[in-house]
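# I would like to see how this sequence folds:
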Amino acid sequence: MGRIGGTRRLFTLAGAAALLGGAPAEARIVGLDLYRVPGFAFGGQSFGTVGPYEKWVGRATGAVDPADPVDGAIADIGLAPRDAKGLVDYATPVVVLRPADPARGRHEMLFDLNNRGSVLGFSALDDAAVNQNDVGQPGDVGNGFAMSRGYTLVWSGWDPVSAASPAVGPGPGAFLLDVPVARRPDGASIVGPNLEEFVIDNDTTANGPLTYPAADLDTAHATLTMRPLAEDAPVPLPPTAWRFDPGGMSISLLPEGTRFRTGEIYELVYPARDPKVTGLGFAAIRDVAAFLRDAERDDAGHANPLAGDIRHVSTFCISQPCRAMRDFVRLGFNRVTSAPNHRAVDGVLDWIGGGSGIDLDRRFAEPFRTHRQHIARHYPEFAFPFAYGTTTDAVTGRTDGILARCTATDTCPKIIDVNSDNEYWAKSGSNLHTDAAGRDLPDVPGVRLYLMAGLPHGDGVPPHGKGICRVERNPLVANQVLRALLVDLDAWVTQGVEPPPSRVPRAADGTLVTSAQADTGFPSIPGIAYGGREHTGDLLDFGPEAGQGVLTVLPPVKRGSPYPSLVPRSDADGNTLAGIRVPDVAVPTATYTGWNLRADDDGDGCDAAGMVVPFARTEAERRDHGDPRPSLQARYASHADYVAKVAAASEALVADRLLLLDDAIRDVAAARASDVGN
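Predicted coordinates for the structure are as follows:
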């Protein structure tokens, strides 16, 4: 078994380096302990000219300086324990899959950022049928896209809470970042208010897990409320109607055995203790990326197995970590003084990050929470600045932008930010490219924004059914376009070849509108209730210390909804007009939306889901149902006509560099195998 480094524990290497007169205090990986797994990854499969892959696993230890202008702004870092050099340490698992013969590889690192501790990249980029953390198994291969291109694939931890939280549940081999607990200067526990939300979509759950332990188990010192819909007034439950479970890591309703009501929104405000310094997650992304690309060895002299091989680093993420990457860039964490170009990450491909950041850098952070129309509306995720370019907020008077800090230091990565329809309805995606008055903002150099027309946030592999939604859930995925955009990002980063122009709905041309049915043009389809209940753009007041990452007003006070969330306009079929229209949307057999409604209430949005409403097969069937949308019979003169239209749509996307030829061939083959037009 190959080995780099030796066994070591958190909070040891930096102190040892200081005693030996090591390197000056600066944020970086100070220890790396990687082992090569015997044999080849992926069951020994070989990938074209690249050949087989090998797998390395281990652990990295990092250290940051609380006196650094960027790292020193991390919430509670001044209350974190320090090593002998005065640094704050963290540790993370690291896994590397690379070509067994590096000379045959691409020399480019694809940093696949985990979602709540779990690996998702293989399912999106490689069409793999499973999501698992023991990467490099035969089930990860799928179509082999990433490996056939010779990427070195890397995973590590950045989220200190989600993968270990009982509210999420740890997955096998979860990528959890190990960070210190903040404490008072005298060593006492920090105690403060925390908010937990429980939205249970079953009728069997009897207890609600807490992210941070309760400091006081007296329910009279906490408040539990419930409400059916997001806009309803919360109703307090008496202290005798629930209890903290022993250990203070969950609550149960009383009398014993009482179940949470399906779909109801429960909010608990309670005194929590022992917050983690979660903002170190940003530093971990930066330090792991920079070390694996640029460093030859760690502080103890152990070699970096990727030294001299990696020329550029690009990140890929799905949803939660994309919101983290947005804040990573906004807060200036991409700057690395020791890197040749001073950047930790050269390129970013974000998929479904929505129009906000993440709840990572504050006391008692809960980064697994995410605003939607129905859930998590009272968490500090949604705040100015929303856009990449620098703007002045008419509401708060602040001037800022996601790229403001990195522009000042010339350390911005190239960014491709892709969202689905669902992000416009439920995650304020329009705020990425409009101001508070709903006007279009100019495109920003170094950034591309794309809308995947008609797609949901999640789902993917059918069958889906309705689940908690009223209508059959939308099965479309963005995998094919994401592969093309990764190729575009690669060319942008390595050769300076600009990607295709941004494709998003615009207010100026009428493709970005309010959610009123008269504005969207969505047809009145029998049996389909209209409206995905868009995000309302609330301004929330969490108290006077919120700017320092300490929330004292929970739930927050709503100070209005000054940030309009606009949505894409539909064509006469209900399919989105603007953005990237995959063949399923451009040559449709159904209406595909990014919104759906919950089945258990009076109309709140169904979170991440969209819906699919098939067209009638014949005109007679259409007339019988009163459906205003033309039937398949009226749309396609024959099966050959349908196939030809799919081929034309696919070829247009290939010409625009938004679809790879192999995927276009698959689209046409699927059209030929269908019975549409027969």
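
# Where does pLDDT dip in the stretch 1-150 of the chain?
Along the stretch 1-150 of the chain, segments meeting pLDDT under 70 span 1-25, 131.

# Just name the shakiest helix or strand of this structure by mean pLDDT.
One helix or strand of the chain scores below all others by mean pLDDT, DSSP states H and E: helix 13-19, with a mean of 31.

# Quick check: next helix or strand after it?
strand 28-36 (DSSP states H and E).

# Give me the contact list for the next helix or strand after that following strand.
For strand 28-36, the following helix or strand on the C-terminal side (DSSP H and E) is strand 46-47. Strand 46-47 is contacted from outside by Pro52, Tyr53, Gly144, Met147, Ser148, Gly150, using C-beta atoms under 8 Å, 6 or more residues apart in numbering. Yep, even glycine has a C-beta here, placed from its N, CA and C like the rest.

# OK, contacts around the nearest residue in space to the first one that is not next to it in sequence?
Read that as Pro52. Sequence neighbours aside, Phe40 is the residue nearest to Pro52 in space, at 4.2 Å (criterion: C-beta to C-beta, 6 or more residues apart in numbering). Listed by C-beta under 8 Å, 6+ apart, the contact partners of Phe40 are Pro52, Tyr53, Glu54, Ala100.

# which SS class is the second one?
Right, Tyr53. Following DSSP: H, G, I helix; E, B strand; the rest coil, the label given to Tyr53 is strand.

# Quick check: Gln515 touching Val567?
Residue 515: Ser, not Gln. Yes. Between Ser515 and Val567 there is a contact at 5.0 Å, judged by C-beta atoms under 8 Å.

# Comparing those two, which residue is more hemmed in?
In terms of neighbours (other C-beta atoms under 10 Å), Val567 is the more surrounded of Ser515 and Val567; the figures are 26 against 20.

# For the more buried one, grab phi and psi.
phi -130, psi 160 (degrees, to the nearest 10).

# Could you shift the numbering so residue one becomes 258, and keep it that way?
Done: numbering now begins at 258, and the last item shifts to Val824.

# Roughly how far does it sit from Ala764?
Counting by C-beta to C-beta, to the nearest Å, the gap from Val824 to Ala764 is 11 Å.

# Which neighbours do these two have in common?
Counting by C-beta under 8 Å, 6+ apart, the common neighbours of Val824 and Ala764 are Val770.

# Next up, the contacts around the residue nearest the centre of the chain.
By C-alpha atoms, centre = their mean, the chain has its centre lying nearest to Ser576, at 1.9 Å. Ser576 sits next to Asn372, Trp608, Ile609, Gly610, Gly611, Thr627, His714, Gly715 when contact means C-beta under 8 Å, 6+ apart.

# do you know how far the nearest residue to Val807 once chain neighbours are set aside is from Cys669?
Leaving aside its chain neighbours, Val807 sits nearest to Arg620 (5.1 Å; criterion: C-beta to C-beta, 6+ apart). Arg620 sits 29 Å away from Cys669, going by C-beta to C-beta.

# Ok, Glu638 next?
23 Å.

# How about Ala841, nearest residue that isn't a chain neighbour?
Not quite, residue 841 is Asp, not Ala. Leu733 (5.8 Å).

# Could you do Gly396 as well?
Gly396 sits nearest to Val387 (C-beta to C-beta, 6+ apart), 4.7 Å away.
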